[in-house]
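K.L.:
Here is a sequence together with a model predicted from it:
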Amino acid sequence: MRNDEYQFVSTDSSTVIANLVSAYQSFTGRTLQPADPERLVLSWIADAIVKGLVRINYVGNQNIPSRAEGENLDALGEWIYSLVRKDAQVSTCTVRFHIVAAQSTAITIPAGTRVTDRSQVLTWATTVDALIPIGSTYIDVKADCDTPGVIGNGYVVGQIDTLVDKDNIMFFDYCENITETDGGTDQQDDETYFQAMRRVLDSFSTAGAEGAYIFWAKSVSDEITDVKAVRPREQTKVTCDTFPKDDERYAFVGGNYIIENTINVYAHGSSTPAALGTDYYLDYSNNLLTIKLRNSGSLISEDKIDVEFTHDLAGHVYIYALMQDGEIATSTIKDEIYTACNQDMVRPLTDYVAVKDPEVVQYDIDFTYFISVDTQISLTDIQTAIAYQVNRFKKWQYAKLGRDINPSMLENMLMQTGVKRVVIRSPTFTHLRSGDTYDVPQVAHIRNTNIVNGGYEDE
């Protein structure tokens, strides 16, 4: 939310009139009556002064990024942050062009070849020249919508199936989009542009800061509502040979960033871990894990043991993106995020960057509501309010990665509708991973909704 206008000077008209009247009376030595003609003149002057004060406040606020609007905000963004407001972006997809049979020469698909859906409302044009190779019957080509904005998003796989420029492709058979159209955005509004200005400060880091990756990922599309950049951990299980020495046996595992409290040791092929201190000792130093098998323990006769542990994937960055509708980013958006975050000027030389999907956790909404017999609100209005608040809860729930599934928030929203009480059977509170502890972040997706009217109750 943009901040309210800051008041540099007071615009209270009554104060201005009082000051003018006081000054006039002090200068002339005459007391003004409410109906004096001079008082009417002073009121007219006060009105002009107040308009000037309002203008002063407006001009002052247009020099503050959190309050500036339109072209004034553009000027501040370009001057302070070197950031230009993003124009509307076109949606993109991948189109597969088929020919009737493999040919003995490559078949050209010129850049700019247009395709559309059967309603022919919008068209998409290929962005590069493409060749169907000798012996093949199809080629995949990226295509951009000719009309910028969100209007081009959401065309499902196979919906774009009509070739506009029929003379462009020899031996043409049919075409189809093999990815859903996505990535189209309208021009940034003031709030979105201002938030981008705030994030741009993080982009100046060349040390792989989390904020920098988030900034560059979000710069791909205004439809991206949340991004997590995670240094991942990985669980590994290896089989090691053991070596005898002085009536004991040893095994060794090399590797960086092993987390010692996650280490478990097993007899080879067993699913039951041996006991630390009873069956073996551990020493992890200089990136070498040494496992000493006690001569009185259960592992001393084992030629091989299995070692399980978790280790940090140092130098790895996994990026997870969530769209405004709570959906996982499409392959098109993920490819664009990877391109944006993998540039040499963005990614530190030692980082390995990958864009991955968060884990979806499904939940149901199932509750019964009861209405007071003394309510002054109509049943229709209550039902409309309940439907609104349920939809509001769904949007709140999927708006952020790692947001816990919280029935208390649902109950709080429902109690604003005028009902007497609610009995929520589902969802139950469920903690979701946020990605802050090196793990895969989760996002909640609604599955089923069941709303029961329990009728009227007295107090």
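P.N.:
Arrived safely. Numbering: from 1, shown residues only.
K.L.:
Check the spacing between the spatially closest residue to Ser298 that is not a sequence neighbour and Leu288 real quick.
P.N.:
Once flanking residues are discounted, Ser298 sits nearest to Asp279: 5.1 Å by CB to CB, 6 or more residues apart in numbering. From N, CA and C alone the C-beta is placed, and that goes for glycine too. From Asp279 across to Leu288, the span is 20 Å (CB to CB, to the nearest Å).
K.L.:
just Ala143 next, same as before
P.N.:
Distance of Ala143 to Leu288, computed by CB to CB: 53 Å.
K.L.:
related to what we said a few turns ago, between Asp279 and Leu288, tell me which one has more neighbours.
P.N.:
With neighbours defined as other CB atoms under 10 Å, Asp279 and Leu288 compare such that Asp279 has more, 20 against 12.
K.L.:
gap between that one and Ser301?
P.N.:
For Asp279, the distance to Ser301 (CB to CB) stands at 11 Å.
K.L.:
cool, and Ile80?
P.N.:
71 Å.
K.L.:
after the lengthiest helix in the chain comes which helix or strand?
P.N.:
Longest helix in the chain, counting residues (DSSP state H): helix 37-61. Following helix 37-61 in sequence order, the next helix or strand is helix 70-80 (DSSP states H and E).
K.L.:
Kindly format the C-alpha coordinates of that next one as PDB.
P.N.:
The C-alpha coordinates for helix 70-80 follow below in PDB (Å, rounded to 0.1, in the frame of the first residue of the first chain):
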ATOM      1  CA  GLY A  70       2.900   8.600 -12.400                       C
ATOM      2  CA  GLU A  71       5.600  10.400 -14.200                       C
ATOM      3  CA  ASN A  72       6.900  11.900 -11.000                       C
ATOM      4  CA  LEU A  73       7.500   8.400  -9.600                       C
ATOM      5  CA  ASP A  74       9.200   7.500 -12.900                       C
ATOM      6  CA  ALA A  75      11.600  10.400 -12.600                       C
ATOM      7  CA  LEU A  76      12.500   9.400  -9.100                       C
ATOM      8  CA  GLY A  77      13.000   5.700 -10.000                       C
ATOM      9  CA  GLU A  78      15.300   6.600 -12.900                       C
ATOM     10  CA  TRP A  79      17.200   9.200 -11.000                       C
ATOM     11  CA  ILE A  80      17.700   7.500  -7.700                       C
END
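K.L.:
list the buried ones in stretch 235-248?
P.N.:
Neighbour-count burial for stretch 235-248 flags Cys240, Thr242, Glu248 (criterion: 16 or more other CB atoms under 10 Å).
K.L.:
With respect to pLDDT, which of those ranks lowest?
P.N.:
Least confident of those in the model: Glu248, at 82.
K.L.:
Tell me which helix or strand Asn391 sits in.
P.N.:
Counting by DSSP H and E, Asn391 is found in helix 379-398.
K.L.:
Tell me the gap between the strand ranked longest in the chain and the middle of its chain.
P.N.:
If you go by DSSP state E, the chain has its longest strand at strand 442-457. In terms of CA atoms, centre = their mean, to the nearest Å, the centre of strand 442-457 is found 25 Å from the chain centre.
K.L.:
So in that sheet, which strands flank that strand, and in what orientation?
P.N.:
If you go by DSSP bridges, strand 442-457 pairs up with strand 359-372 (parallel).
K.L.:
Residues touching stretch 426-438, excluding its own?
P.N.:
Stretch 426-438 has contacts (CB atoms under 8 Å, 6 or more residues apart in numbering) with 228, 230-233, 312, 320, 358-359, 361, 363-367, 401-408, 410, 439-444.
K.L.:
quick one: Met170 is in a helix?
P.N.:
No: according to DSSP: H, G, I helix; E, B strand; the rest coil, Met170 belongs to no helix; its state is coil.
K.L.:
No further questions, thank you.
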